[in-house]
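>>> okay, predicted coordinates and the sequence, questions at the end:
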Amino acid sequence: MGKAAKKRSQQQRRNQAAHAASNIETTLTVCATPPRDEDGPRLENELQLVKSALLYGDRVELLSPASSFARTLKPFLTVTEENVLEQVSHMPPESLRRLGVGTDVGPGIELRKFRRKLRELDRLDENDPCRIELLDQWRPTALSMRVTADDYFTQRGSYELEAALDHHDVELLDVGFDMDDDVSVLIETFRINMLAALEDPRRTVLLDPMGSEMARLQPGRLAAYNEAHTKRTAAGAGLIQRLPTFPRAPMEDILEARDELADGRIGYRRALKQLADGLHSAPFEESLPAELDELWYDTVEPALVELRKRATVTRVAYAAGKDLVNSSAGLIGALAVTLTTIGSLTALFPSTAAVTAGGVNVAYAGARAALRTRSEVREYDLVYLHDLNRSLGDFGLTG
């Protein structure tokens, strides 16, 4: 192998290694603080953070006392006076603990035996003393949990969160939240696990405002986390949250857009480096949201407005060029009509004078120009945000 060929081979390996590094799976750990008593039920944190995390990362972990609580309640939605034992026999261990069943009931053979015993009791005569005793013990609590579950799942967004948690790329972290604990204890459990996630170099963390405040109060605990990487993530998720279509988008549309635009997420994360490096705020500083607002209005939104105009132009131009290429009759006349009717799009095609000279090649030239411009749009750094906005509703960007 010659020196030039060897040099090219080395460069190819370096390029491949760089490409592989940029495609490493990104896992975001979303930390949503428990609501205070005076706040009442609150799902806005989880919804906003989980939606933006799904559209930025490859995998999402959710640390959320409220969502953990909901997961223990969900099996009670189908409980009635008549089917308590049947429904309980199918419940996961975390829901069984809501009935006072000991924590020793876990996965494996013990849980199977427990379920089988419940089904045997359920098949006994309704006047059987053992069956009556167990129902007297569990029925009031099970029906009370049913009321609590109904109350929770009537909240706006509760089923959206459940849809996200049912997605194969989303995991609810089980860190042992005890829902019978006082809120102050829940917050302390949350704080300990949040700081542990921040100190884990394999994780990138998204925090709500209260979580950010907790992090700022522990500066010594944050020495291990990658500030530059975390800042890029905070900026990337923050810009997604500022899309005009984002706040109203239901989880179903978020998940659909995520699947459709999976390739674009990788490029978007790469493109965020330059934007994030220009931010002065640290990832969890109070000033970061205001700085992201300024970045959005001064830089990102104008770019997306221009990108939308260019994308609209290229869609029409591409369609016109394709029609011309596929047409075999009246080619010259059709091209002349196109040039006079699409106004500003004429820059993508040869001049009218060239039509009579170029014949069929003119049509191909027009199609090539349209395709070239479309390619330029696809390579634009923020095209992922443009595509997200279009996928989620396509409104709010005008200029």
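Here it is on my side, so go on. Residues are numbered from 1 along each chain as shown.
>>> pLDDT at residue 219, what is it?
Note on residue 219: pLDDT of 75.
>>> roughly how far apart are it and residue 245?
Computed as CB to CB, to the nearest Å, the residue 219 to residue 245 distance reads 37 Å. C-beta coordinates here come from the backbone N, C-alpha and C atoms, glycine included.
>>> which one of these two has more residues nearby?
residue 245 (18 against 8; other CB atoms under 10 Å).
>>> hang on, isn't residue 115 packed against residue 89?
Yes - under the criterion of CB atoms under 8 Å, residue 115 makes contact with residue 89 at 4.8 Å.
>>> mind listing the strands for the stretch 101-250 of the chain?
170-172, 204-207 (DSSP state E, counting those that start in this stretch).
>>> contacts only, for residue 304.
Residue 304 sits next to 382, 385-386, 389, 397 when contact means CB atoms under 8 Å, 6 or more residues apart in numbering.
>>> in what helix or strand does it lie?
Assignment of secondary structure by DSSP states H and E places residue 304 within helix 301-326.
>>> again, but for residue 29
When elements are assigned from DSSP H and E, residue 29 belongs to strand 27-31.
>>> partner strands of that strand, with direction?
Strands that pair with strand 27-31, judged by DSSP bridges, come out as strand 59-63 (parallel), strand 204-207 (parallel).
>>> for the shortest one, what is the average pLDDT?
So the one you mean is strand 204-207. On average, the pLDDT along strand 204-207 is 90.
>>> before we move on, what about the first one?
Regarding strand 59-63, the rounded mean pLDDT is 94.
>>> which elements pack onto the very next helix or strand once past it?
Sequence-wise, the next helix or strand downstream of strand 59-63 (DSSP H and E) is helix 65-73. Applying 3 or more CB pairs under 8 Å, 6 or more residues apart in numbering; DSSP states H and E, one finds that helix 65-73 makes contact with helix 93-96, helix 129-153, helix 158-165, strand 170-172, helix 183-199.
>>> in a markdown table: the ones you listed, plus mean neighbour count, mean pLDDT and distance to residue 256.
Below are these laid out as a markdown table (neighbours: other CB atoms under 10 Å; pLDDT from 0 to 100; distance: least, CB to CB, whole Å):
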| stretch | mean neighbour count | mean pLDDT | distance to residue 256 |
| --- | --- | --- | --- |
| helix 93-96 | 20 | 84 | 30 |
| helix 129-153 | 15 | 89 | 23 |
| helix 158-165 | 19 | 90 | 11 |
| strand 170-172 | 17 | 93 | 15 |
| helix 183-199 | 17 | 87 | 28 |
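>>> so which of those comes closest to residue 61?
Proximity to residue 61 (CB to CB) singles out strand 170-172 among these, at 5.1 Å.
>>> chain center to the closest one: distance?
Distance of strand 170-172 from the chain centroid (CA atoms, centre = their mean, to the nearest Å) equals 12 Å.
>>> cool, and stretch 131-142?
In terms of CA atoms, centre = their mean, the centre of stretch 131-142 is set 41 Å apart from its chain centre.
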